[in-house]
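Asker: predicted model and sequence below, questions to follow.
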Amino acid sequence: MLSPLDLSLVNGPIPIAATVAAAVALTCLAIRKNRTWWTRVLPIVVLTCAVVVTGLAYVVDHVWKPWPEPLPVILTVWAGAALVALALAVARLRAGRWYVRVLGMVLALGVTASAIVATNAHFSQYPTMRAVLDVFSNKQVDLNQAAPPPSSVVEEPAGKKLADVWKKPKDLPDKGTVSETVIPGGFPARPAWIYLPPAYAATPRPKLPVIVLMAGQPGNPRDWFDGGRIHDNLDTFAREHDGLAPIVVAVDQLGTPMANPLCFDSVLGQSESYLARDVPAWIKQRLTVDERREAWTVAGFSQGGTCAIQLAVRAPDVYGNFAAFAPQNEPSLGTRQETVKAAFGGDEAAFVRVNPMDILARQRFPQSAGIIFEGRDDSYRNAVHEVFEACRKAGMDVLWKELPYGHDWKVAREGFSGLVPWFAERAGLVR
């Protein structure tokens with residue numbers, strides 16, 4: 001039977017029930033048998049909260065501007081609902097019996113909880129309560145324990161794939177390991193999260209292909225494990241293929257959740273050098289991997305997807321493959337003018353030299369391959385088509401896949417499920 005922890009938090013009855021509960025709670029908080037309440041308190045509370053939320057949205061979208069797109073309207077509405085509920089509960093504290101006051105605070109907290117559920121449903125970041133609880137768990141394995149130096153490695157004869165020579169040991173674990181570690185370099189990156197498949201524990205150890213993975217902005221490497229659930233996906237793939245699966249290294253291309261150095265080397269940081277040189281060098285030195293460019297994929301969601309395309313054209317000698325889940329058509333801090341000013345001091349030519357769409361227009365990449373995923377209801381949809389056409393015209397072996405979602409983690413989760421078998425075949429993990 002399905003565990004309650006595995007019920008969907010993004011579809012089905014739970015988000016609907018949360019919305020209905022919030023509406024009922026707000027109605028209860030708004031109703032009182034008091035004329036002053038209806039003529040003064042309630043209108044003042046609602047109007048004040050509307051002004052506060054509208055002002056905050058303006059500051060975020062037009063002053064602070066931590067990301068290029070404006071706040072989704074649904075988030076502003078839910079923030080307003082939660083603020084109104086809390087304000088009405090506070091207004092009720094001066095009157096009524098103690099249990100009525102307590103009930104008011106409980107109702108306000110209920111509306112706030114519903115707002116959180118609705119926000120999560122909008123972005124689809126945590127698909128189940130199990131994913132939420134995993135945020136507070138500590139299932140990581142120390143990398144030194146999970147990845148000691150190998151005593152021997154699987155030798156692949158010329159012309160053979162790993163799948164052709166691999167024999168699953170009897171004592172192979174059923175699941176892979178997840179570790180957290182700092183990858184040093186010239187960029188202040190947060191710790192990377194690393195998945196090693198069951199086959200990594202074998203002796204002799206196979207040289208496995210690599211996926212370098214990036215989340216969106218705001219975000220961090222752990223998002224792919226908590227919200228993306230990639231370890232579940234990879235463990236399932238490994239069970240179906242004698243313990244073989246790609247190594248995944250989820251890295252930080254941002255530095256902080258709200259930063260966006262655009263995956264360039266610029267005044268905003270040396271993000272490109274870190275991702276194109278420092279990270280691959282560390283992986284090859286520290287892990288047992290297949291070093292052929294065909295066995296390396298760089299992938300990402302949203303801003304991370306844009307970054308993946310950048311690395312595919314800026315470091316094609318390292319990354320022979322790429323996957324972009326709902327990318328932008330170019331790195332952006334809002335408008336191109338704002339981007340060029342912030343990153344290159346207004347030097348348009350410097351931006352054109354490293355902008356992937358401009359590079360794709362003047363260079364060909366017949367030895368590169370990729371998949372571009374888009375959400376059918378995504379506001380980035382036209383941009384995704386532009387990227388796909390640019391890659392195709394530049395000679396890449398590129399696929400385009402549409403998924404029935406918006407700009408959310410459902411695109412990333414389902415897209416990653418499609419990426420793994422595609423890449424495994426290219427890298428020789430399957431016959």
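Answerer: Looks like it arrived, so ask away.
Asker: in contact with the nearest residue to residue 379 once chain neighbours are set aside, which residues?
Answerer: Counting by C-beta to C-beta, 6 or more residues apart in numbering, residue 379 lies nearest to residue 407, which is 6.3 Å off, once chain neighbours are set aside. C-beta coordinates here come from the backbone N, C-alpha and C atoms, glycine included. Contact partners of residue 407, counting by C-beta atoms under 8 Å, 6 or more residues apart in numbering, are 302, 326, 375, 378, 379, 380.
Asker: among those residues, which one lies nearest to residue 43?
Answerer: Minimum distance to residue 43 across these is 34.9 Å, recorded for residue 379 (C-beta to C-beta).
Asker: test my guess that the closest one contacts residue 69.
Answerer: Yes - using C-beta atoms under 8 Å, residue 379 is in contact with residue 69, at 7.4 Å.
Asker: where do the helices of the stretch 51-200 of the chain begin and end?
Answerer: Assigned by DSSP state H, counting those that start in this stretch, the helices in the stretch 51-200 of the chain fall at 73-91, 98-123, 129-134, 143-146, 162-165.
Asker: got those as TSV, with distance to residue 9 columns?
Answerer: Compiled in TSV, the helices of the stretch 51-200 of the chain are given as follows (distance: least, C-beta to C-beta, whole Å):
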stretch	distance to residue 9
helix 73-91	15
helix 98-123	6
helix 129-134	7
helix 143-146	30
helix 162-165	37
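Asker: most packed of those?
Answerer: Burial of the helices of the stretch 51-200 of the chain is given as mean neighbour count (mean count of other C-beta atoms under 10 Å); helix 73-91 ranks first at a mean of 19.
Asker: neighbours around residue 170, how many?
Answerer: Counted by other C-beta atoms under 10 Å, the residues lying close to residue 170 total 5.
Asker: also residue 424?
Answerer: Residue 424 has 19 nearby residues by other C-beta under 10 Å.
Asker: which helix or strand contains it?
Answerer: helix 409-427 (DSSP states H and E).
Asker: extract the CA atoms of that helix and return them as PDB.
Answerer: Extracted in PDB, the C-alpha atoms of helix 409-427 (Å, rounded to 0.1, in the frame of the first residue of the first chain):
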ATOM      1  CA  TRP A 409      10.600  20.900 -10.900                       C
ATOM      2  CA  LYS A 410       8.300  18.400 -12.600                       C
ATOM      3  CA  VAL A 411      10.100  19.300 -15.800                       C
ATOM      4  CA  ALA A 412      13.500  18.700 -14.100                       C
ATOM      5  CA  ARG A 413      12.400  15.400 -12.500                       C
ATOM      6  CA  GLU A 414      10.800  13.800 -15.500                       C
ATOM      7  CA  GLY A 415      13.500  15.300 -17.800                       C
ATOM      8  CA  PHE A 416      16.200  13.700 -15.700                       C
ATOM      9  CA  SER A 417      14.400  10.400 -16.000                       C
ATOM     10  CA  GLY A 418      14.700  10.700 -19.800                       C
ATOM     11  CA  LEU A 419      18.300  11.900 -19.700                       C
ATOM     12  CA  VAL A 420      19.700   8.900 -17.800                       C
ATOM     13  CA  PRO A 421      18.900   6.100 -20.300                       C
ATOM     14  CA  TRP A 422      19.800   8.400 -23.300                       C
ATOM     15  CA  PHE A 423      23.200   9.200 -21.800                       C
ATOM     16  CA  ALA A 424      23.800   5.600 -20.600                       C
ATOM     17  CA  GLU A 425      23.400   4.300 -24.100                       C
ATOM     18  CA  ARG A 426      25.800   6.900 -25.500                       C
ATOM     19  CA  ALA A 427      28.400   6.200 -22.700                       C
END
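Asker: by contact count, what packs against it?
Answerer: helix 230-240, strand 296-301, strand 321-325, strand 369-375, strand 397-403 (3 or more C-beta pairs under 8 Å, 6 or more residues apart in numbering; DSSP states H and E).
Asker: which one of those lies closest to residue 287?
Answerer: strand 296-301 (12.1 Å).
Asker: so after the closest one, what's the next helix or strand?
Answerer: For strand 296-301, the succeeding helix or strand toward the C-terminus, using DSSP H and E, is helix 303-314.
Asker: returning to that earlier point: out of the helices and strands packed on helix 409-427, which is closest to residue 333?
Answerer: Among the helices and strands packed on helix 409-427, strand 296-301 sits nearest to residue 333 (C-beta to C-beta), with 17.3 Å.
Asker: hmm, who's touching that closest one?
Answerer: 209-216, 228, 246, 253, 275, 280, 305-308, 311-312, 315, 318-327, 409, 411-412, 415-416, 419, 423.
Asker: again, 7 Å this time
Answerer: Strand 296-301 has contacts (C-beta atoms under 7 Å, 6 or more residues apart in numbering) with 209-216, 307-308, 311-312, 318-326, 412, 419, 423.
Asker: quick one, which of those residues are buried?
Answerer: Among the contacts of strand 296-301, those classed as buried by neighbour count (16 or more other C-beta atoms under 10 Å) are 209-216, 307-308, 311-312, 318-326, 412, 419, 423.
Asker: quick one: pLDDT of residue 1?
Answerer: As predicted, residue 1 sits at a pLDDT of 60.
Asker: likewise for residue 95?
Answerer: With respect to pLDDT, residue 95 scores 69.
Asker: can you give me the neighbour number for the residue nearest to residue 414 when sequence neighbours are not counted?
Answerer: Counting by C-beta to C-beta, 6+ apart, residue 414 lies nearest to residue 403, which is 5.5 Å off, once chain neighbours are set aside. Using other C-beta under 10 Å, residue 403 is surrounded by 21 other residues.
Asker: surely residue 403 touches residue 411?
Answerer: Yes - the pair residue 403 / residue 411 is scored as a contact, 5.3 Å apart, by C-beta atoms under 7 Å.
Asker: list the residues that contact both of the two?
Answerer: Residues touching both residue 403 and residue 411 (C-beta under 7 Å, 6+ apart) are 373, 375.
Asker: now do the helix or strand harbouring residue 50: distance to the chain's middle.
Answerer: According to DSSP H and E, residue 50 maps onto helix 42-58. With C-alpha atoms, centre = their mean, to the nearest Å as the basis, helix 42-58 stands 32 Å off its chain's centre.
Asker: flag every buried residue along it.
Answerer: Here helix 42-58 shows 42, 45, 46, 49, 53, 56, 57 as buried, counting by 16+ other C-beta under 10 Å.
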